[in-house]
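Novice: What follows is a protein structure lacking sequence information:
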């Protein structure tokens with residue numbers, strides 16, 4: 001098997017590929033693929049997505065600029081800040097993202113099942129020859145047309161087929177399909193699948209089962225939180241012509257945006273007011289031009305804070321002008337004197353722009369994603385204080 005390892009934002013790598021494999025890799029959207037001018041080889045460039053894609057006999061890995069453990073923290077905190085604020089997952093920093101996730105999940109899930117599978121009550125609709133639970137009278141009439149048997153009943157079944165076990169099974173199956181876990185990790189994941197054989201698999205397109213933390217499922221918590229992150233990633237399973245494509249991909253811009261918005265909401269919760277993420281509004285009176293600032297906060301005293309999170313690994317044409325224009329439009333529609341742009345450190349410089357001809361100031365802030373989680377949250381807390389101060 002051929003392997004190509006890239007780093008997010010690094011220069012392009014030249015490689016010989018068939019047209020079919022190059023097309024399949026481009027369709028997977030993990031990296032940009034372009035023909036070398038005047039040549040037969042291809043340039044493969046990592047963008048703002050990280051993960052692993054298997055394209056026929058070629059495996060392409062894109063590693064994040066930040067440590068993998070930090071990436072997992074950012075993803076987790078955006079989903080459940082109350083949990084990830086105080087918890088972390090030990091990951092091997094030298095491996096690719098899917099492999100690191102597989103190793104950590106296999107360890108946590110195996111530990112969770114040491115005392116056996118968790119069981120719980122599940123409501124079941126069934127057709128039986130005897131009464132069990134309660135008879136669904138409306139269904140009995142509409143389906144059986146007056147016949148006495150079978151009976152349409154609903155009963156509570158004490159079973160292992162509960163959301164917690166379905167989540168673990170779905171995560172294990174996903175990790176086995178994407179990437180190339182080591183032989184030891186693969187054996188552990190297969191063992192997990194075998195132990196969860198009586199659990200209903202998650203069907204393609206089905207919503208991820210919801211669960212509630214409790215004293216009864218406490219030993220599952222760490223494995224379930226990681227399973228949610230695994231299932232939140234974008235797994236790829238498709239064909240391009242005769243080439244099979246599979247993989248696991250995470251959008252870094254989405255991870256950064258979600259983390260910033262949730263962390264700001266948490267940081268400003270002590271100030272009061274209400275925060276809206278991906279706030280829906282329009283540029284024009286007719287409502288024909290939609291706009292969605294990443295973060296909008298309204299204080300009890302009528303103050304409004306608007307902010308956008310921007311993750312860029314390269315400076316596109318017009319950077320940062322387009323971002324400034326966007327914030328100016330938000331401020332104009334909302335009638336506020338200031339807007340805020342938040343970049344990952346290294347993608348922009350902290351500064352302020354007084355807009356000519358308008359009483360608007362656009363403040364640019366930067367976040368250092370290399371900081372440990374506690375220090376990163378402290379950085380977000382200080383930013384929340386700054387944004388919450390009266391103008």
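Specialist: Good, I have the coordinates. Keep in mind that this is a model prediction, so the values were computed, not measured.
Novice: what's the spacing between residue 381 and residue 209?
Specialist: Distance of residue 381 to residue 209, given as Cβ to Cβ, to the nearest Å: 33 Å. In short, each C-beta sits where N, CA and C put it, glycine included.
Novice: Likewise for residue 382?
Specialist: With distances defined as Cβ to Cβ, the gap from residue 382 to residue 209 amounts to 38 Å.
Novice: cool, residue 366 as well?
Specialist: Using Cβ to Cβ, residue 366 is found at 38 Å from residue 209.
Novice: Name the residue in those two with the higher neighbour count.
Specialist: Regarding residue 366 and residue 209, a neighbour count based on other Cβ atoms under 10 Å identifies residue 366 as having more, with 18 against 15.
Novice: wait, doesn't the more buried one sit right on residue 349?
Specialist: Yes: checked against Cβ atoms under 8 Å, the pair residue 366 and residue 349 is within contact range at 7.1 Å.
Novice: Please point out which parts of stretch 56-64 sit buried.
Specialist: Counting neighbours by 16 or more other Cβ atoms under 10 Å, one finds that the buried residues in stretch 56-64 are 56, 58, 59, 60, 61, 62, 63, 64.
Novice: List the beta-bridge partners for the second one.
Specialist: For residue 58, the residues forming beta bridges with it (DSSP bridges) are residue 2, residue 55.
Novice: quick one: contacts for it?
Specialist: Taking Cβ atoms under 8 Å, 6 or more residues apart in numbering as the criterion, residue 58 is in contact with 1, 2, 3, 4, 17, 21, 25.
Novice: need these in a markdown table with distance to residue 259, can you?
Specialist: As requested, these are arranged in a markdown table below (distance: Cβ to Cβ, whole Å):
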| residue | distance to residue 259 |
| --- | --- |
| 1 | 34 |
| 2 | 34 |
| 3 | 30 |
| 4 | 28 |
| 17 | 35 |
| 21 | 34 |
| 25 | 28 |
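Novice: tell me the mean pLDDT over stretch 266-273?
Specialist: Averaging the model's pLDDT scores along stretch 266-273 yields 87.
Novice: got the end-to-end distance for that stretch?
Specialist: In stretch 266-273, first residue to last residue: 12 Å (Cα to Cα, to the nearest Å).
Novice: who's in contact with that stretch?
Specialist: 81, 275, 297-300, 303, 305, 380-381, 383-385, 387-388.
Novice: State the pair within those that is farthest apart.
Specialist: Of all pairs drawn from the contacts of stretch 266-273, the widest gap by Cβ to Cβ lies between 81 and 303 and measures 23.5 Å.
Novice: Spell out, range by range, the helices that occur in the stretch 251-391 of the chain.
Specialist: Residue ranges of the helices in the stretch 251-391 of the chain, as given by DSSP state H, counting those that start in this stretch, are 252-267, 321-334, 373-388.
Novice: now the stretch 151-300 of the chain, which segments are flagged as low pLDDT?
Specialist: In the prediction, the stretch 151-300 of the chain carries residues with pLDDT under 70 at positions 155, 157, 179.
Novice: Now with 80, please.
Specialist: Judged by pLDDT under 80, the stretch 151-300 of the chain has its weakly predicted residues at 151-158, 178-181, 204-205, 233-242, 244, 246.
Novice: quick one: residue 62 and residue 272, what's the gap?
Specialist: Remark: distance between residue 62 and residue 272 (Cβ to Cβ) = 42 Å.
Novice: I misspoke; the intended subject was residue 86.
Specialist: 24 Å.
Novice: So between those two, which is more surrounded?
Specialist: Summary of the neighbour comparison: residue 86 and residue 272, criterion other Cβ under 10 Å, with residue 272 having more neighbours (12 against 9).
Novice: Return the backbone torsion pair for residue 21.
Specialist: Geometry field for residue 21 lists phi and psi as phi -70, psi -40, criterion degrees, to the nearest 10.
Novice: how much space between it and residue 115?
Specialist: With distances taken as Cβ to Cβ, residue 21 is found 47 Å from residue 115.
Novice: So those two - more neighbours on which side?
Specialist: Relative neighbour count places residue 21 above the other of residue 21 and residue 115, with 22 against 8, counting by other Cβ under 10 Å.
Novice: Cross-check the contact I'm expecting between the more buried one and residue 243.
Specialist: Yes: here residue 21 reaches residue 243: they are 5.9 Å apart, a contact under Cβ under 8 Å.
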